[in-house]
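Asker: Structure for this input, please:
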Amino acid sequence: CVVPDVVLKNPVLQFQDCFLGCPYEQSVELINDTDFPACYGLLPQPYEENPALLYSSPHARGVIRPYSTEQIPLVLQAKTVGSLQEKAHFAILGRQDPPL
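Answerer: Sure, this is the predicted structure:
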């Protein structure tokens, strides 16, 4: 089984000033520079009873064609004030390395 080597181009997104509860959207790029299509999936956000922020994507799963780039929108919603950080991870089907 051949697993495409997919690269996450912009791993850090800066949202700056956000209003509480308002959704803000930015995109990350997944790059597939191989001869094979790659299937990706945004891993679910770990459960917290009172999360500081929430993230999601309207395109949480999909296929990246060979030698192409896929723009994946991430929607962030702050639930508390202050400087917030959260990691969102993408899994590549068949890949045994840690998620991107």
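
Asker: Tell me how far Val2 lies from Asp35.
Answerer: Shown here: Val2 relative to Asp35, a distance of 8 Å by C-beta to C-beta, to the nearest Å. Heads up, the C-betas are built off the backbone N, CA and C, glycines and all.

Asker: how about stretch 6-13: buried residues?
Answerer: By 16 or more other C-beta atoms under 10 Å, the buried positions in stretch 6-13 come out as 6, 8.

Asker: Repeat that for stretch 32-44.
Answerer: 32, 38-40, 42.

Asker: can you map out the helices along the protein?
Answerer: Ranges of helices within the chain: none, based on DSSP state H.

Asker: For it, which segments are assigned as strands?
Answerer: Secondary structure of the chain by DSSP state E: the strands cover 6-8, 23-32, 38-42, 53-56, 61-64, 68-78, 90-92.

Asker: Averaged pLDDT, the first one. What do you get?
Answerer: Put plainly, it is strand 6-8. Regarding strand 6-8, the rounded mean pLDDT is 92.

Asker: So what's the gap between that strand and the chain middle?
Answerer: How far strand 6-8 lies from its chain's middle: 11 Å, per C-alpha atoms, centre = their mean, to the nearest Å.

Asker: Sheet partners, orientation included, of that strand?
Answerer: As defined by DSSP bridges, the strand partners of strand 6-8 come to strand 23-32 (antiparallel).

Asker: The longest one too?
Answerer: Partner strands and pairing direction for strand 68-78 (DSSP bridges) are strand 23-32 (antiparallel), strand 53-56 (antiparallel).

Asker: re earlier: out of the strands of the chain, which is closest to Pro99?
Answerer: strand 90-92 (4.8 Å; C-beta to C-beta).

Asker: which helices and strands sit right next to that closest one?
Answerer: With contacts taken as 3 or more C-beta pairs under 8 Å, 6 or more residues apart in numbering; DSSP states H and E, strand 90-92 sits against strand 6-8, strand 38-42.

Asker: Out of these, which is closest to Arg61?
Answerer: Nearest to Arg61, of all the helices and strands packed on strand 90-92, is strand 38-42, at 4.5 Å by C-beta to C-beta.
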